[in-house]
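# Predicted coordinates and the sequence they were generated for:
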Amino acid sequence: MSDQNNQENINPAMPWVIACGDEGVQINFGRRLAFLGAGLKLENFNKVLVAVRKMMDKCDVVDRQLRLVASEENAYVKEIFELNDFDEANASMQQHLQALADEEKLLYAGILPFADPLELDHDIKGHMVRPRNIHIANKICFTLAGGETTYNLGQYLISADWLAFADESLAKKTLATQVSFYEKLAKRPLKLVIEEEGNLPVEIVEKNKAILSHLGYNFS
């Protein structure tokens, strides 16, 4: 992503969208807060959203309404619902995320396809860009400053922007669940990296980083 696009992605007017941390998820318009399965069946996700909204209050964000988006070929959804194939997973993820959006007062935007970038509802645009049926990420990136600003096909993504606004037990379990699943997909331990650019004040970014370190995540 060019420096120009990077600056566009931290524009306060950019809408924020919760999506899966699958490395194939590319948001062309919107800023991704990444949670495994877009938060679907993620334990205590409602409490995580409370922290996310507190985090947003510290950013110079114009549009404070969170979006929620599904994505095709989601391995996590296929596993948790014990589905036969990804066609079933695609349909199930959409159905359940629509219900989650209603329950948590989020705007459901639609599903990201393996196709050209698609304009979804609520000003979100994106698609899936990794090869079908293949996961190629070799690291996990934690965002610390208010979502993804630079897309990288080589990494799974996990939002750690909200950690400073949550209790340690919630942070510990939520992160561990996601890291464990991505390492299971990769069939090996993964390198951990961080992204520190975004709208959050530097003192909150530093606190998020300190919490990650305290929880035992050694990043480079």
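Nice, thanks for sending it over.

# how close does residue 44 sit to residue 124?
Relative to residue 124, residue 44 is positioned 25 Å away (Cβ to Cβ, to the nearest Å). Where you see a C-beta, it was placed from the backbone N, CA and C, and this is true even at glycine.

# What of residue 196?
Look at residue 196 and residue 124: by Cβ to Cβ, they are 24 Å apart.

# cool, and residue 88?
Relative to residue 124, residue 88 is positioned 24 Å away (Cβ to Cβ).

# how about the strands of this structure, start to end?
Assigned by DSSP state E, the strands in the chain fall at 16-19, 25-29, 31-34, 67-71, 107-112, 118-119, 125-128, 139-143, 155-159, 191-195.

# So what are the sheet partners of the fourth one and their directions?
Same thing as strand 67-71. Sheet neighbours of strand 67-71, with direction, are listed as strand 16-19 (parallel), strand 107-112 (parallel) (DSSP bridges).

# What about the protein, which residue is the most distant from its middle?
Relative to the C-alpha centroid of the chain, counting by Cα atoms, centre = their mean, residue 84 is the outermost residue, at 25.0 Å.

# so what's the backbone phi/psi at that one?
Main-chain dihedrals, residue 84, degrees, to the nearest 10: phi -80, psi -30.

# follow-up on the earlier one: between residue 88 and residue 124, who's got more neighbours?
Neighbours were counted for residue 88 and for residue 124 using other Cβ atoms under 10 Å; residue 124 has more, 25 against 14.

# what's the pLDDT at that one?
On pLDDT, residue 124 comes in at 98.

# Can you get me the start-to-end distance on stretch 36-56?
Taking Cα to Cα, to the nearest Å, stretch 36-56 runs 20 Å from one end to the other.

# meant to ask about stretch 140-155, not that
5 Å.

# Tell me the buried residues in stretch 46-59?
The neighbour-count check on stretch 46-59 (16 or more other Cβ atoms under 10 Å) flags 48, 49, 51, 52, 55, 56, 58, 59 as buried.

# Oh, that last question was meant for stretch 200-207, not what I typed.
Here stretch 200-207 shows 200, 204, 205, 207 as buried, counting by 16+ other Cβ under 10 Å.

# Fine by me, thanks again.
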